[in-house]
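*Asks:* this one's sequence-less:
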Ligand SMILES: [Zn+2]
């Protein structure tokens, strides 16, 4: 079924051993290492497919049948196939990895025609991982030597004690040209393996020397916990190298995918539906130790598309359960640039993206050192939506006291608003931007629409709906439609609408023209005072001082109601409940966003007050929903 023939070259694994590996491997456990799985019913599990980009989980795992299958892209198979595809392993490497996991000692069949081998050759990945594991032990032992004192001082100076250093496997690369290389060669690793692993490199003389020397070492693990590379920090002034040196690209170390700390953080990330992206090894350590266990960092590269893919799968970032991504960047120029770049990436997450900037420009490690664990947790709690940060940064570059400055700031900021994923939030940001710029809403709205439709729409042709004044509100949104229906009842059936209509306040209407008509009804004495007919409609029209409102009253007075047959009290009740429900859910949305912006640590009272308000509104919404469903 699979290309098992490739195993011949390396000494074929015995068939019964392969069968045993399949039998002893729980596929859900293997896949859970890289993809967060949730119940899909019927004993099956689902997650976001690691083989194609998706927003709704179509990747299914059947623990009972020990197979996976993606309905999105059609990839499927057993655990061996999963590792081959997900980790780009050969068949042999996959089997070896699963065997090691299950504690199975593999036996190999030698090919008769080839020369006998001293011992079966393992797959390359396995060998490179083994070399790294041996290197970790070597560096760790070196950390206790006299020469490693600057490394120990560095750690202590950053607030990391011995147990923290041990938890992260910190070590020291000693002085000397080839101490690690010799040590690993003695353990049986070949010249080629050490070069391929990135642990050693050939000197001009041709002999092998260590890649890392006189540096503090952090082992970098993949999501399953295997060490695949190192990060090395400079300790000595006469070291000419860069401050941080990382393992180069190797068959197992791809810096565009690697996230430092993901092996320790992944369970909490999946559980909390939240990830904190920090900038360095010490920041990850500081966050974890400060009880922010969801922190990870990129290693020697900017946060990019592959990192997003890895995190989305762990977050289960989907339509059903959007994740929360919190970036911490320095407040300096480089950090701001990184934040703006993250805004571009933001579009790939379903979930919401936030930024947490320390007021003193301290990174999490410095913050923990200066102000303690609580300050680190507080930094994360004080996050703000990334788009707010980006807008402030863009606007901040212009002089808003001049017309030119305001117009230019609007032009630069509009594309950011146009990119906000949640369309419902755009009008809110248009208003906010107009307020921040000190401009009218209309030009800002036009600029955002132009940006949304691309530059071609911004030419000579009038871009947005260029209707003069405020005409009839669109009837395409459910909310607008129900407001319209309520006003029709008030104008056409005032006796029926009566107190039920009057009891719903003008503030429950959203569209400005609808608000004007509702206010006119009140100014005309309210529906309860009306007897109906043309006189009533004229009275309302006279009471309306909004031109668009007056036009709409004429329209609504004759437009048929959206009900077959005669309207009855039940229909009025349902309509008014739907209207209020829209307004209440809008208020719930605003409240949730407000709660999001309140720091539960430092503003505990406000947080709980808002939370209480939210609970009662939600209760109200449920009652309205029942009423809207037809119960009087
Ligand atoms: Zn797929």
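*Replies:* Looks like it came in fine. As the structure is a computational prediction, the values presented were derived from the model and not from experiment.

*Asks:* Give the closest residue to residue 101 in space, chain neighbours not counted.
*Replies:* Nearest in space to residue 101, with sequence neighbours left out and distances taken as Cβ to Cβ, 6 or more residues apart in numbering, is residue 25 at 7.1 Å. Where you see a C-beta, it was placed from the backbone N, CA and C, and this is true even at glycine.

*Asks:* Please disregard the earlier target; I meant residue 530.
*Replies:* Setting aside the residues directly before and after it, residue 530 is nearest to residue 494 in space (Cβ to Cβ, 6+ apart), at 3.7 Å.

*Asks:* residues near the one you found, how many?
*Replies:* Counted with other Cβ atoms under 10 Å, residues neighbouring residue 494 total 24.

*Asks:* Do you know the pLDDT at it?
*Replies:* According to the model's per-residue confidence, residue 494 sits at a pLDDT of 90.

*Asks:* count of neighbours near residue 597?
*Replies:* Other residues within reach of residue 597 by the criterion other Cβ under 10 Å amount to 13.

*Asks:* and the closest residue in space to it that isn't next to it in sequence, what does it touch?
*Replies:* With sequence-adjacent residues excluded and distances taken as Cβ to Cβ, 6+ apart, residue 597 is closest to residue 384, at 6.9 Å. Each residue near residue 384 by Cβ atoms under 8 Å, 6 or more residues apart in numbering is listed here: 354, 355, 356, 597.

*Asks:* Recalculate using a threshold of 7 Å.
*Replies:* Under the criterion of Cβ atoms under 7 Å, 6 or more residues apart in numbering, the contact list for residue 384 reads 354, 355, 597.

*Asks:* Dump those residues to JSON lines, plus secondary structure, pLDDT and distance to residue 285.
*Replies:* Shown next, in JSON lines, are the contacts of residue 384 (DSSP: H, G, I helix; E, B strand; the rest coil; pLDDT from 0 to 100; distance: Cβ to Cβ, whole Å):
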{"residue": "354", "secondary structure": "strand", "pLDDT": "89", "distance to residue 285": "22"}
{"residue": "355", "secondary structure": "strand", "pLDDT": "88", "distance to residue 285": "21"}
{"residue": "597", "secondary structure": "helix", "pLDDT": "73", "distance to residue 285": "29"}
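
*Asks:* Burial check on residue 359, number of neighbours?
*Replies:* For residue 359, the count of nearby residues is 9 (other Cβ under 10 Å).

*Asks:* Oh, that last question was meant for residue 326, not what I typed.
*Replies:* Residue 326, neighbours per other Cβ under 10 Å, totals 23.

*Asks:* Repeat that for residue 175.
*Replies:* 12.

*Asks:* likewise residue 361?
*Replies:* 13.

*Asks:* mind checking pLDDT for it?
*Replies:* 80.

*Asks:* my hunch is that it is in a strand, does that hold up?
*Replies:* No: inclusion of residue 361 in a strand is not indicated when DSSP: H, G, I helix; E, B strand; the rest coil is applied; the result is coil.

*Asks:* In this structure residue 336 contacts residue 393, no?
*Replies:* Yes: counting by Cβ atoms under 7 Å, residue 336 does reach residue 393; the two are 5.5 Å apart.

*Asks:* Comparing the two, which residue is more hemmed in?
*Replies:* Summary of the neighbour comparison: residue 336 and residue 393, criterion other Cβ under 10 Å, with residue 336 having more neighbours (19 against 16).

*Asks:* Using the three-state scheme, assign that one.
*Replies:* With three-state DSSP as the criterion, residue 336 reads helix.

*Asks:* residues touching residue 189, list them.
*Replies:* For residue 189, the set of contacting residues under the criterion of Cβ under 7 Å, 6+ apart consists of residue 131.
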